[in-house]
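K.L.:
Coordinates for the following, if possible.
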Amino acid sequence: MPLIPLPLADPGSPDLSSPLAFLRWLQRAQRRGQVRATCWALVQMGSQAAAPVALGRGVQAAVDGDAGGIWWAGALALLLSATAALGSVLLHRQAVWNWIHAACQLRQLVARQASDLGAGLSRRIATGEVVAVGSGDVERIGWYVELVARVRAAVISWLAVSAVVLVVEPVLGIGVLLGVPVLAASVWPLIGPFERRYQEQRELGGKATELAADTVAGLRVLRGIGGEELFLERYRAASQKVRAAAVRSARLWSLMQAQQVLLPGVFVVAVTWYGARLVVSGELGVGTLIAVYGATAFLASPLRILGEAAHAWSVARVSAGRAVRVLSLSRTGGTAQGVLARPDRSDLHDPATGLTVRAGELTAVVCGDPDFAGALAERLGGHVPLAAGESGPPSVRLGGTELDTVPLAEARAAVLVHDKEPVLLSGTLAELLDVPASGRVPVTEALAAARSEDVLEALVDGSPECGGDPMLARITERGRSLSGGQRQRLALARALVADPPVLVLDEPTSAVDAHTESRIATGLRDVRAGRTTVVFATSPLLLDQADRVVLLRDGRVAAAGRHRELMSTEPAYRAVVTRDEEAASV
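P.N.:
Now for the predicted structure:
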């Protein structure tokens, strides 16, 4: 039985209109797998359901003294056992594959979404929730998708067994036909409360995960200020809330499990008692009673599957809702596909603020609110995700083309946004600086412009295996072995090597000293000469190097000019740059 290789070449475009629609889309994505699993489940369940018939025939043949009937019944039982074993093996193989296929497909969708939205994703969705979707939720959704095929087979088997029993003994057949749905429905009143408790558990778990990630990321700083115990206590409190919520969910789940054992058992006892009375009265043969009993007892298996489906549905719907929230974010509210013409010669304009960045110039933007500055920097790169149906600020335009409507790869090649807290991945310095680039700026020139001499020395000292070559020196995960200023300069060098037509820098020198900052400002101006550059900063050393400085107040452009001109003519500008306590709110 050939299986599709994983990961998938294309995870597809999911239906995100609702959690249920998303689950249905995952099922449709593996139609063949679902059909195969249903067929193998029917083979397994059908063989198990028919086994009591062979046993009943054998017992009746023994009662009647029919040796040939006994051999025939034994051969039939052996054949059914072999068929059930084969169906069980093939069902398990296909069911596991369906589970892995759905989980892998969802993981690829989440990974693609994270790649498309970049840093903007964590600004709209908590990091802990994204981690939860990519870990536990994919397993639960995969479980539900896999289970659907077995539910279909369970329903078909129940109808088939009911039809056979109805022919043999109408009263018992009606009991089986009506009793199983009643027993299956008995668990559904518990689904609503269980789903609410499980959703609470997942939300608390996501918050605890986010808190743990933040704590680990800031562990070095926490140790420096003695804050480890404080954050440890906060995590303990969060984990205890998760534990309490999990216990509340487990209580309802244990009650649902108990129902799946008790009620089918009572049902089988009732059917057997009634059948025994018919045998005593001579209306039913012993062999037929055994066959009816076996078939009825077999129905406990479909009932367990239906109970498992109730549980899987309750947790999968919660997980699918979280997945839909993550996957429904998009970087544009429109569907048009714009085309950029000569981005290196085009002005960058933001209609929401009135900010215009002239082509080929170094423009500094002064804004007293760091959060607003960070959000504007992301918007200038077209990286602000929107939920489905959500409307955001007008799209930034590059040369008259709405950047949000340009294909993602083209937009990223045209405008590079350098975050104020850039991430350095582990590996060698050469690997860190091996990024898509124009080739205009050599690595050595970029490192020199970022004034990274001491950073290179630190890397060499920390990597004896590099043989004195800083390009072979290893950088730890997130560059935690380096200081904040050193990480910032390496990240700036990486951005300069890329040499995009438009470079947006958000506080690129906030963690370095004034002397180094002055040298970086000069190097930045020289390397980016003739290229469009936007720098969000309030440092006079950077502002003095800019061709043009723009002041934002209340989310709009309030003034523009050279740094020294604005210092003498704009009190609000002077208040922000000098950090005057009387500074007006910007």
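K.L.:
Break this structure into its domains for me.
P.N.:
Annotated domains of the chain cover 19-327, 338-418+500-586, 423-493 [automatic domain parsing].
K.L.:
Going by mean pLDDT, which of these comes out lowest?
P.N.:
Of all the domains of the chain, mean pLDDT reaches its minimum on domain 19-327 (a mean of 79).
K.L.:
for Ala558, phi and psi?
P.N.:
Here is the backbone geometry of Ala558 (degrees, to the nearest 10): phi -110, psi -30.
K.L.:
Which strand residues bridge the nearest residue to it once chain neighbours are set aside?
P.N.:
In space, and not counting its chain neighbours, Ala558 is closest to Leu551: 4.9 Å by C-beta to C-beta, 6 or more residues apart in numbering. For every residue, glycine as well, the C-beta is placed using N, CA and C. Assessed by DSSP bridges, Leu551 has beta-bridge partners Val366, Ala559.
K.L.:
Quickly note the distance from Leu551 to Cys367.
P.N.:
Distance, Leu551 to Cys367, by C-beta to C-beta, to the nearest Å: 8 Å.
K.L.:
Quick check: Tyr293 touching Leu55?
P.N.:
No - with contact defined as C-beta atoms under 8 Å, Tyr293 does not reach Leu55; the gap is 9.6 Å.
K.L.:
Next, the contact list for the residue nearest to Ala558, please.
P.N.:
For Leu551, the contact set (C-beta atoms under 8 Å, 6 or more residues apart in numbering) comprises 366-367, 557-560, 566, 570, 572-573, 576, 586.
K.L.:
Write a PyMOL command that selects only the buried members of those.
P.N.:
Buried residues within those, by 16 or more other C-beta atoms under 10 Å, are selected in PyMOL with:
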select buried, resi 366+367+558+559+560+566+570+572+573+576+586
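K.L.:
of the contacts of Leu551, closest to Leu166?
P.N.:
Of all those, Cys367 has the smallest distance to Leu166: 77.3 Å, by C-beta to C-beta.
K.L.:
Pull the contacting residues for Leu91.
P.N.:
Residues in contact with Leu91, defined by C-beta under 8 Å, 6+ apart, are 37, 40-41, 43-44, 150.
K.L.:
so what secondary structure elements neighbour the helix ranked longest in the chain?
P.N.:
Secondary structure of the chain per DSSP state H: the longest helix is helix 228-280. On a contact count with 3 or more C-beta pairs under 8 Å, 6 or more residues apart in numbering; DSSP states H and E, helix 228-280 meets helix 170-185, helix 191-217, helix 219-225, helix 286-298, helix 300-327.
K.L.:
Format the contacts of Leu551 as CSV; extra columns: distance to Arg304.
P.N.:
Output for the contacts of Leu551, formatted as CSV (distance: C-beta to C-beta, whole Å):
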residue, distance to Arg304
Val366, 67
Cys367, 61
Val557, 67
Ala558, 69
Ala559, 73
Ala560, 72
Leu566, 75
Glu570, 75
Ala572, 71
Tyr573, 72
Val576, 68
Val586, 64
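K.L.:
which of the contacts of Leu551 lies closest to Thr444?
P.N.:
Relative to Thr444, the closest of those is Val366; by C-beta to C-beta it sits at 32.2 Å.
K.L.:
The closest one reaches Ser539, doesn't it?
P.N.:
No - between Val366 and Ser539 there is no contact under C-beta under 8 Å: 9.8 Å.
K.L.:
Tell me how far the residue nearest to Ala558 lies from Pro5.
P.N.:
From Leu551 to Pro5 the distance is 56 Å (C-beta to C-beta).
K.L.:
just Arg28 next, same as before
P.N.:
Distance from Arg28 to Pro5, by C-beta to C-beta: 20 Å.
K.L.:
Who has more neighbours out of these two?
P.N.:
Under the criterion of other C-beta atoms under 10 Å, the comparison of Arg28 against Pro5 puts Arg28 first, with 11 against 7.
K.L.:
Tell me how far the more buried one lies from Ala102.
P.N.:
For Arg28, the distance to Ala102 - C-beta to C-beta - is 11 Å.
K.L.:
likewise Trp40?
P.N.:
17 Å.
K.L.:
cool, Ser47 as well?
P.N.:
Here Ser47 is placed at a distance of 27 Å from Ala102 (C-beta to C-beta).
K.L.:
The two: which has the busier surroundings?
P.N.:
Counted by other C-beta under 10 Å, Ser47 and Ala102 do not tie: Ala102 has more neighbours, with 25 against 19.
K.L.:
quick one: which of the contacts of Leu91 is nearest Thr532?
P.N.:
Using C-beta to C-beta, Ala37 is the member of these that sits closest to Thr532, with 55.8 Å.
K.L.:
where do the helices sit along the stretch 1-150 of the chain?
P.N.:
Here the stretch 1-150 of the chain has its helices, by DSSP state H, counting those that start in this stretch, at 19-28, 31-64, 67-117, 120-124, 127-132, 138-168.
K.L.:
The ones you listed into TSV, with extra columns for distance to Ala450?
P.N.:
Shown next, in TSV, are these (distance: least, C-beta to C-beta, whole Å):
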stretch	distance to Ala450
helix 19-28	45
helix 31-64	52
helix 67-117	26
helix 120-124	25
helix 127-132	28
helix 138-168	40
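K.L.:
what about those helices, which gets the closest to Gly285?
P.N.:
Minimum separation from Gly285 across the helices of the stretch 1-150 of the chain (C-beta to C-beta) falls at helix 31-64, 5.9 Å.
K.L.:
The closest one to helix 67-117, inter-axis angle?
P.N.:
Between helix 31-64 and helix 67-117, the angle comes out at 160 degrees (axes from the mean of the first three to the mean of the last three C-alpha atoms, to 10 degrees).
K.L.:
elements contacting helix 31-64?
P.N.:
helix 67-117, helix 138-168, helix 286-298, helix 300-327.
K.L.:
please redo it, this time with the cut-off set to 10 Å
P.N.:
On a contact count with 3 or more C-beta pairs under 10 Å, 6 or more residues apart in numbering; DSSP states H and E, helix 31-64 meets helix 19-28, helix 67-117, helix 138-168, helix 286-298, helix 300-327.
K.L.:
Pull out the buried positions in the last one.
P.N.:
What that stands for is helix 300-327. By neighbour count with 16+ other C-beta under 10 Å, helix 300-327 contains the buried residues 300-303, 305-327.
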